[in-house]
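Visitor: return a 3D structure for these sequence lines:
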Amino acid sequence: MTAGLVCGQLSVRTVIESRKMPLRVMLALSAADQDALLQAEKKNPDWRVRERARSVLPLAQGKTCAQVAQL
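Guide: Numbering: from 1, shown residues only. So this is what the prediction gives:
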């Protein structure tokens, strides 16, 4: 199953692999997208944008949704 994720100006295609738990979302971020998320995590004045960036970056590194939820 594929889905589109839009975060500000960032558009990422995701592949969702749903077995039982844990749910793994595989993201393919370009270097520019990853840099944009890192900048948003550090400098965006909106706390919600910073939290979303903190959630998306570990998912792109291959962590499961359960692992990200524990961070």
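
Visitor: please name the nearest non-neighbouring residue to V49.
Guide: A40 (5.4 Å; C-beta to C-beta, 6 or more residues apart in numbering). The C-beta positions use only the backbone N, C-alpha and C, and glycine is treated the same way.

Visitor: now whichever strand or helix holds V56: mean pLDDT?
Guide: Element membership for V56 (DSSP states H and E) is helix 47-60. The average pLDDT within helix 47-60 is 91.

Visitor: so which bits of that helix are buried?
Guide: Neighbour counts over helix 47-60 (16 or more other C-beta atoms under 10 Å) mark 49, 52-53, 55-57, 59-60 as buried.

Visitor: what of stretch 29-48?
Guide: Neighbour counts using 16+ other C-beta under 10 Å place 29, 33-34, 36-37, 40-41, 44 of stretch 29-48 among the buried residues.

Visitor: distance to A69 for the residues you listed - can I get that in CSV?
Guide: Below are these laid out as CSV (distance: C-beta to C-beta, whole Å):
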residue, distance to A69
L29, 20
D33, 22
Q34, 21
A36, 23
L37, 18
A40, 20
E41, 17
N44, 21
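
Visitor: out of those, who's nearest L71?
Guide: Nearest to L71 out of the buried residues of stretch 29-48 is E41 (C-beta to C-beta; 12.2 Å).

Visitor: how close does that closest one sit to V56?
Guide: Distance, E41 to V56, using C-beta to C-beta, to the nearest Å: 9 Å.

Visitor: leaving out the residues flanking it, which one is nearest to R54?
Guide: Spatial nearest neighbour of R54, excluding adjacent residues (C-beta to C-beta, 6+ apart): E41 at 5.6 Å.

Visitor: what helix or strand does the one you found sit in?
Guide: In the assignment (DSSP H and E), E41 maps to helix 31-43.

Visitor: okay, angle between that helix and helix 47-60 too, please.
Guide: 140 degrees (axes from the mean of the first three to the mean of the last three C-alpha atoms, to 10 degrees).

Visitor: helix 31-43 packs against which elements?
Guide: Packed against helix 31-43 by the contact rule (3 or more C-beta pairs under 8 Å, 6 or more residues apart in numbering; DSSP states H and E) you find strand 10-17, helix 47-60.
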